[in-house]
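A.B. asks: compute the structure for the input listed below.
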Amino acid sequence: MSAPFNIIPGDPASSVLLHVPHSSRVIPSGVREGIVLSDEEIEEELTAITDADTDEVGLRAAEAASLRPWVFVNRLSRLVVDPERFPDEREEMNAVGMGAVYECTTQLAPLRSPAPEERDLLIATYFEPYAAALATLVRQRLEHVGRVTVLDIHSYPKVALPYERHGDGPRPAVCLGTDSFHTSAPLVRAASAAFEPVVGTDDVGLDSPFGGCYVPLDQHGVNRDVAGLMLELRRDLVASRPEDVAAATGCLVDAIDSPV
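C.D. replies: Purely as a prediction, here's the structure:
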């Protein structure tokens, strides 16, 4: 099996970490055995749930930035585990069977029914090492530059899927997911300024259809030197204008690392 995640080093002076958690379609054979979907059904589900090409957006953005950011890419599908969910009762997506270990599909059909020990094994094998590696990288960057901004790169479909908890709101070309503790107003303004030339002022929105952002659990709600912002890019935009999206993300990186 290939490495479950990759860390692509950036400039030692960069405070930005591009995190790409949902771009892969890879499912290890042992995990596949526990999924009840047929091969055709699982391909359909992977197409629905995968944030295709967001890894390329992240890598191109890193190349475009004046000061190369660090990049952390998940190389396994989120159907293995979703590294961005809370692994416990704090996770709201547990209500639709899509917590850290998915039990339902995007259509709310059965995906798998793991016994408690099977779920624990998935968490121990895949979730915990991923979370630990990302947390370690953030701590290392804090030690070197004193602050870190995690830019979380996702995509989402133009039409809401049944699993979405807040799918009835606006679906702009670029949705900025924020956190009241970890996302500052200047960071939101910088992101808006980076993407508005690409999609227009009216097509950059906040926290709809997806809100929040990823910060390692050991920093979550306790350290304001760790900032976070989620970039939810509508999939038609990623498919039609990948270079422009990557360039805008690179501009945002520059704004963070070289504030005016």
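
A.B. asks: contacts, neighbours, all on C-alpha from now
C.D. replies: OK.

A.B. asks: apart from its neighbours in sequence, what residue is nearest Ala160?
C.D. replies: Gly167 (5.4 Å; CA to CA, 6 or more residues apart in numbering).

A.B. asks: contacting residues around the one you found?
C.D. replies: Neighbouring residues of Gly167 by CA atoms under 8 Å, 6 or more residues apart in numbering: Ala160, Leu161, Ser208, Pro209.

A.B. asks: quick check: chain neighbours aside, which residue is closest to Leu206?
C.D. replies: Leu176 (4.8 Å).

A.B. asks: can you pull out the helices in the stretch 51-200 of the chain?
C.D. replies: For the stretch 51-200 of the chain, applying DSSP state H, counting those that start in this stretch gives helices covering 54-64, 116-122, 128-145, 185-199.

A.B. asks: contacts for the third one, please.
C.D. replies: Same thing as helix 128-145. Counting by CA under 8 Å, 6+ apart, 4-5, 12-15, 72, 83, 147-148, 216-218, 225 sit against helix 128-145.

A.B. asks: closest to Gly30 out of these?
C.D. replies: Pro4 (14.0 Å; CA to CA).

A.B. asks: so the closest one is in contact with Ser77, correct?
C.D. replies: No: using CA atoms under 8 Å, Pro4 is not in contact with Ser77; the gap is 9.4 Å.

A.B. asks: between these two, which one's more packed in?
C.D. replies: Comparing Pro4 with Ser77 by other CA atoms under 10 Å, the one with more neighbours is Ser77, at 22 against 15.

A.B. asks: residues in contact with that one?
C.D. replies: Neighbouring residues of Ser77 by CA under 8 Å, 6+ apart: His22, Ser23, Ser24, Arg25, Val26, Ile27, Thr50.

A.B. asks: buried subset of the residues you listed?
C.D. replies: Neighbour counting by 16 or more other CA atoms under 10 Å classes His22, Ser23, Ser24, Arg25, Val26, Ile27, Thr50 among the contacts of Ser77 as buried.

A.B. asks: all strands of this structure, in order?
C.D. replies: Secondary structure of the chain, counting by DSSP state E: strands at 5-8, 16-20, 70-74, 148-156, 174-177, 204-206, 226-234.

A.B. asks: a markdown table for the ones you listed, including distance to Cys251, mean pLDDT and mean neighbour count?
C.D. replies: Formatted as a markdown table, these follow (distance: least, CA to CA, whole Å; pLDDT from 0 to 100; neighbours: other CA atoms under 10 Å):
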| stretch | distance to Cys251 | mean pLDDT | mean neighbour count |
| --- | --- | --- | --- |
| strand 5-8 | 19 | 97 | 16 |
| strand 16-20 | 12 | 98 | 27 |
| strand 70-74 | 15 | 98 | 23 |
| strand 148-156 | 12 | 98 | 25 |
| strand 174-177 | 15 | 98 | 26 |
| strand 204-206 | 16 | 97 | 20 |
| strand 226-234 | 13 | 98 | 25 |
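
A.B. asks: now the contacts of helix 128-145: which count as buried?
C.D. replies: By 16+ other CA under 10 Å, the contacts of helix 128-145 give Phe5, Ser14, Ser15, Phe72, Pro83, Arg147, Val148, Pro216 as buried.

A.B. asks: where's Cys251 relative to Gly146, distance?
C.D. replies: 21 Å (CA to CA, to the nearest Å).

A.B. asks: before we move on, what about Glu43?
C.D. replies: Separation of Glu43 from Gly146 (CA to CA) stands at 43 Å.

A.B. asks: again with Val215
C.D. replies: 16 Å.

A.B. asks: these two - which one has more neighbours?
C.D. replies: Ranked by neighbour count (other CA under 10 Å), Val215 and Gly146 place Val215 first, with 26 against 12.
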